[in-house]
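In: Predicted model follows, preceded by the sequence.
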Amino acid sequence: MTWNWDVAKDFLPELGRGLLITLEATALGSILAFALGLVWAMAFRSPTRFVRWPVAAVVEFIRNTPLLVQLFFFYYVLPTWDIKFSALTTGVIALGLHYSTYTAEVYRAGIDGVPKGQWEAATALSLSRARTWTAVILPQAIRRVVPALGNYVIAMLKDSPMLALIGVVDMLQKARAEGASSFQYIEPYTMVGIAFIVIAYPASLLMRALERRLGH
């Protein structure tokens, strides 16, 4: 098989449209993962075990279930209970929920890394629990874990092709459609792979540099 530049040129606009969907799913999934992960992490430190234990059980269940199984469950099972979302929304929910269990551990490590004296100082200043979290603990904790959170965004980007299995028209789905119509597979799939490398590799280098900088 030889590389066909005409096929590559014709596929380029479709690749761009698929890329936008891939980035949209990754960005929205990341926002959901960051928000839910923070909720889980704060719940882990709840003074009551009636909050900690159920949250820990839910997080462990989600983390130890394959993302693809969760994706199919949301897309094929929930509609039997009249809970229906578009393919893209389903993908975003699945990505965000799944990765929130990992970002929760990242947040927890950041929170545990805040010196005990910071908690004591907040108590001495008679700060409320909410004020302690928002003004003292979280700003320090989140700063420590930005690189790790960034790495999970990259991981989410690389897992996003799974969304094609439920009909999300991302880069992989565009490549499959191009191959089915032109019977040329090497060009579209190679271009999709290159697109992921072009996005993910510089991002990973940036996260490493940021990690080194925050470590000093």
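Out: In hand now; what should we look at? Residues are numbered from 1 along each chain as shown.
In: ok, for residue 104, nearest residue in space, not its chain neighbours?
Out: Spatially, and ignoring its direct neighbours in sequence, residue 104 is nearest to residue 40 (3.6 Å; CB to CB, 6 or more residues apart in numbering). For glycine as for every other residue, the C-beta is placed from the backbone atoms N, C-alpha and C.
In: Return the distance of that neighbour relative to residue 97.
Out: For residue 40, the distance to residue 97 equals 10 Å [CB to CB, to the nearest Å].
In: Can you tell me what sits against stretch 24-31?
Out: For stretch 24-31, the external contacting residues (CB atoms under 8 Å, 6 or more residues apart in numbering) are 88, 91-92, 95-96, 99, 152-153, 156-157, 160, 163, 168, 170.
In: pretty sure the residue nearest to residue 104 is touching residue 102, no?
Out: No - the pair residue 40 and residue 102 does not pass the contact test of CB atoms under 8 Å, sitting 10.0 Å apart.
In: quick one, longest helix in this protein?
Out: Longest helix in the chain, counting residues (DSSP state H): helix 5-44.
In: and the helix or strand that that helix is followed by, what does it pack onto?
Out: Counting by DSSP states H and E, the next helix or strand C-terminal to helix 5-44 is helix 49-63. Packing partners of helix 49-63 (3 or more CB pairs under 8 Å, 6 or more residues apart in numbering; DSSP states H and E): helix 5-44, helix 87-112.
In: Deepest-packed of these, please.
Out: helix 87-112 (a mean of 22; mean count of other CB atoms under 10 Å).
In: Packing partners of it?
Out: Applying 3+ CB pairs under 8 Å, 6+ apart, one finds that helix 87-112 makes contact with helix 5-44, helix 49-63, helix 67-72, helix 138-159.
In: Could you pull up the mean pLDDT of that helix?
Out: If you average the pLDDT over helix 87-112, you get 95.
In: going forward can the numbers begin at 573, since that is how I track them
Out: Fine by me, first position is 573 from now on; the one you just mentioned is helix 659-684.
In: Direction-wise, compare that helix with helix 710-731 and give the angle.
Out: Here helix 659-684 runs at an angle of 140 degrees relative to helix 710-731 (axes from the mean of the first three to the mean of the last three CA atoms, to 10 degrees).
In: now helix 659-684, how far from the chain's geometric center?
Out: 6 Å (CA atoms, centre = their mean, to the nearest Å).
In: Measure how that helix sits relative to helix 621-635, angle-wise.
Out: Note on geometry: by the same axes, to 10 degrees, helix 659-684 and helix 621-635 are set 130 degrees apart in direction.
In: ok and helix 659-684 relative to helix 577-616, angle-wise?
Out: Using the same axes, to 10 degrees, helix 659-684 lies at 50 degrees relative to helix 577-616.
In: List the buried residues for the helix or strand following helix 659-684?
Out: Going down the chain from helix 659-684, the next helix or strand is helix 688-696, by DSSP H and E. Neighbour-count burial for helix 688-696 flags residue 694 (criterion: 16 or more other CB atoms under 10 Å).
In: Show me how far helix 688-696 is from its chain's centre.
Out: On CA atoms, centre = their mean, the centre of helix 688-696 falls 33 Å from the chain's centre.
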